[in-house]
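**Student:** Predicted model and sequence follow; I will ask about them next.
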Amino acid sequence: MEIDRAGLAAFLRHRRELLQPEDVGLPRGQRRRTSGLRREEVAELCHMSTDYYARLERERGPQPSESMIASIAQGLHLSLDERDHLFRLAGQAPPVRGAGAVSEHISPGLLRILDRLGDTPAEVITELGETLRQTLPGIALTGDTTRFTGPARSIGYRWFADPAVRTLHAPADHAFLSRMFASGLREVATLRGPGSRAARYAQQLLPQSEEFRALWEKHEVGVRPQHVKRFIHPEVGALELNCQALLDPEQSHRLLVYTAVPGSESYDRLRLLTVIGPQVLR
């Protein structure tokens, strides 16, 4: 497929001009002459340089890669149909859709909700517990969990492969969380099939973790997350947080929102954590 530079540039400009700062969680500010977002704002949302993005709108620059197109589609809050259209304009085949396909493209509706949770710990995760996006308070709570690559992107995989992950969780909950992650991995592996990432992760964990092997052999399914999660944070101490989940069934994504009961010690500590801001948690 050939890139349609004129069509790509026009589509990008149109989508950028339709978005308002408040639509993507940005302050409007004063003396705003642009009706929609500025190029530099879109570039920041897409995790690329302003110069690179500006060249695309001016029908210049190299043909964007698949990963770059995916970043632009996410930054512009495109729907799946709009994302696929963007891929074709850029001369690339759109990601596979349909039964069994796994997408990391967050729906615009879920993103709009996340963008309005700027003062609350929240994250969007895949069915394998891979973090796609976090709010700043979310990073302050658990660290930047979008930084992981490969199988380690999955919290269930990290739980058994990296003991350091467990230090953030109350020791009394470790046994239950181990059961939950093993159960969840088995369910996704069965749903997606023997060649899926979930199945590969399980096969990789079996020789690594004796605990995982023992749990895997029990064939336990249906162990669901508890509504109250207990964290041991290195900066503010123990936290008991309610976790509410919003499911996007089309994408198999979940938006997790963490809150504390007003007036509780955890509520005060969570407010302090929001003030402290993101810390580098390893």
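**Tutor:** Okay, I see it. Numbers count the residues shown, from 1 in each chain.
**Student:** now stretch 56-63: how far from the chain's centre is it?
**Tutor:** How far stretch 56-63 lies from its chain's middle: 28 Å, per Cα atoms, centre = their mean, to the nearest Å.
**Student:** what's it in contact with?
**Tutor:** Applying Cβ atoms under 8 Å, 6 or more residues apart in numbering, the external contacts of stretch 56-63 come out as 3, 5-6, 8-9, 12-13, 16, 39, 52, 55, 64, 72, 90-91. Placement of C-beta: from N, CA and C, glycine included.
**Student:** Just the buried ones from those?
**Tutor:** Neighbour-count burial (16 or more other Cβ atoms under 10 Å) applied to the contacts of stretch 56-63 gives Ile3, Arg5, Leu8, Ala9, Leu12, Arg16, Arg39, Pro64, Ile72, Ala90.
**Student:** Might you report the residue contacts of the first one?
**Tutor:** Put plainly, it is Ile3. Contacts of Ile3 by Cβ under 8 Å, 6+ apart are Gln63, Leu89, Ala90, Gly91.
**Student:** Out of the residues you listed, give me the two with the largest separation.
**Tutor:** The distance between the two most remote of the contacts of Ile3 (Cβ to Cβ) is 10.9 Å, for Gln63 and Leu89.
**Student:** pLDDT score for the residue nearest to Val24 when sequence neighbours are not counted?
**Tutor:** Leaving out its chain neighbours, the residue that sits closest to Val24 by Cβ to Cβ, 6 or more residues apart in numbering is Asp115, at 5.5 Å. Note on Asp115: pLDDT of 90.
**Student:** any weak-confidence spans in the stretch 151-282 of the chain?
**Tutor:** 278-282 (pLDDT under 70).
**Student:** now the strands: where do they sit in it?
**Tutor:** Here the stretch 151-282 of the chain has its strands, by DSSP state E, counting those that start in this stretch, at 228-233, 237-248, 253-259.
**Student:** and these as CSV, adding mean neighbour count?
**Tutor:** Compiled in CSV, these are given as follows (neighbours: other Cβ atoms under 10 Å):
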stretch, mean neighbour count
strand 228-233, 17
strand 237-248, 15
strand 253-259, 20
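**Student:** got a list of contacts for stretch 78-91?
**Tutor:** 1-4, 7-8, 11, 15, 63-64, 66, 69-70, 72-73, 76, 93-95, 97, 103, 105, 107-108, 250.
**Student:** before we move on, the earlier item: neighbour-wise, which of Gln63 and Leu89 wins?
**Tutor:** Leu89 (21 against 15; other Cβ atoms under 10 Å).
**Student:** Can you report phi and psi for the more buried one?
**Tutor:** Backbone geometry at Leu89, expressed as degrees, to the nearest 10, gives phi -60, psi -40.
**Student:** Let's see the distance spanning stretch 27-36 from one end to the other.
**Tutor:** End-to-end distance of stretch 27-36 (Cα to Cα, to the nearest Å): 12 Å.
**Student:** which of the buried ones among the contacts of stretch 56-63 sit farthest apart?
**Tutor:** Greatest spacing in these, by Cβ to Cβ: Ile3 and Arg39 (19.5 Å).
**Student:** would you turn the strands of the stretch 151-282 of the chain into CSV with distance to Met48?
**Tutor:** Formatted as CSV, these follow (distance: least, Cβ to Cβ, whole Å):
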stretch, distance to Met48
strand 228-233, 33
strand 237-248, 25
strand 253-259, 23
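**Student:** Report the central residue of the chain.
**Tutor:** Nearest to the mean C-alpha position of the chain, counting by Cα atoms, centre = their mean, stands Leu132 at 1.5 Å.
**Student:** Could you check which helix or strand contains that one?
**Tutor:** Assigned by DSSP states H and E, Leu132 belongs to strand 131-134.
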